[in-house]
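*Asks:* sequence isn't available, so here's the structure alone:
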């Protein structure tokens with residue numbers, strides 16, 4: 001079964017994004033490792049920057065970055081479900097990230113976009129439980145944004161490499 005799948009994919013031009021079938025790193029992985037992430041405001045921004053660094057720069061901050069990633073982050077909380085006494089029981093935490101990838105020293109962005117994630121959490125009558133649920137929702141939202149931004153950057157680099 002695996003052999004049939006491999007043969008079918010080899011004929012369609014499929015190529016792994018982060019590695020080569022023979023082993024080594026792909027050009028996309030090399031490009032991602034050359035992205036420096038600009039500081040992002042607030043604690044949420046610090047969390048997102050750290051999550052992006054883990055995904056893009058696993059070996060640490062690039063010594064000679066070819067690109068700079070700028071991200072602005074906005075958060076909103078919408079209360080959805082209410083008890084009879086009008087106190088909320090469920091909320092959605094929404095994080096929106098606007099990002100721009102610029103070549104070092106370049107004025108025009110190489111790519112830019114906006115991504116959004118929404119995470120629901122329960123609101124308890126106990127304040128500490130609600131704070132913990134909100135913090136967990138924020139951490140999950142930040143991880144999802146980091147995955148989405150990394151995927152979009154990888155796609156951009158993959159398309160750029162295919163054009164060359």
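*Replies:* Done, it's in. Everything quoted here is computed from the prediction, not taken from an experiment.
*Asks:* give me the residue at the spatial middle of the chain.
*Replies:* For the chain, the residue nearest the mean C-alpha position is residue 146 (1.8 Å; Cα atoms, centre = their mean).
*Asks:* does that one count as helix, strand or coil?
*Replies:* helix (DSSP: H, G, I helix; E, B strand; the rest coil).
*Asks:* measure it to residue 77 for me?
*Replies:* Look at residue 146 and residue 77: by Cβ to Cβ, to the nearest Å, they are 20 Å apart. For every residue, glycine as well, the C-beta is placed using N, CA and C.
*Asks:* ok, residue 69 next?
*Replies:* 26 Å.
*Asks:* the two: which has the busier surroundings?
*Replies:* residue 69 (23 against 14; other Cβ atoms under 10 Å).
*Asks:* now that one: how far from residue 60?
*Replies:* 16 Å.
*Asks:* let me see the contact set for the residue nearest to the centre of the chain.
*Replies:* Residues near residue 146 by Cβ atoms under 8 Å, 6 or more residues apart in numbering: 48, 51-52, 54-55.
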